[in-house]
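Colleague: No letters, just coordinates:
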């Protein structure tokens, strides 16, 4: 069997709210409760399993590969919700998108300090 990522746990202060907000922003089905988790399932079967955490949350980075049409829709929702966004992970180019590898990408603020990204081409794919 080939090794695949199946899920990752995302620690947040409000799992129901954070999972619902991300699913809505990305245009995904509503989260499903599984034990203590609010599960957001991506198109490739990988899930983000949100869990409530009342302690200090270490910010993580999550990148999502999307189509050009999905990028347009998600980016429109980022702007509608007035989320801060950047063209780069160092946050030196606020209010911009990047065109890495011939595609488009943008970083934006997620729940509890997590740093989210949407890209239309994988890094290193050329273009």
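Modeller: Structure received. Worth saying up front: this structure is predicted, and the values here are computed from it rather than measured.
Colleague: all helices for the protein, in order.
Modeller: 15-26, 68-80 (DSSP state H).
Colleague: which of those sits most buried?
Modeller: Per-residue neighbour counts averaged over each of the helices of the chain give the maximum for helix 15-26, namely a mean of 19 (mean count of other C-beta atoms under 10 Å). In this view, the C-beta of every residue, glycine as well, is placed from N, C-alpha and C.
Colleague: That helix to helix 68-80, inter-axis angle?
Modeller: With axes from the mean of the first three to the mean of the last three C-alpha atoms, to 10 degrees as the basis, helix 15-26 and helix 68-80 are set at 120 degrees to each other.
Colleague: so where's the protein shaky on pLDDT?
Modeller: Low-confidence regions of the chain, defined here as pLDDT under 70, cover residues 127.
Colleague: Would you state the strands of it in chain order?
Modeller: Per DSSP state E, the chain carries strands over the ranges 7-12, 32-34, 37-41, 47-52, 61-65, 85-86, 105-109, 115-119.
Colleague: Counting by contacts, list what the first one packs against.
Modeller: Taking 3 or more C-beta pairs under 8 Å, 6 or more residues apart in numbering; DSSP states H and E as the contact definition, the neighbouring helices and strands of strand 7-12 are helix 15-26, strand 47-52.
Colleague: From the chain's centroid, how far away is the first one?
Modeller: What it means is helix 15-26. In terms of C-alpha atoms, centre = their mean, to the nearest Å, the centre of helix 15-26 is found 10 Å from the chain centre.
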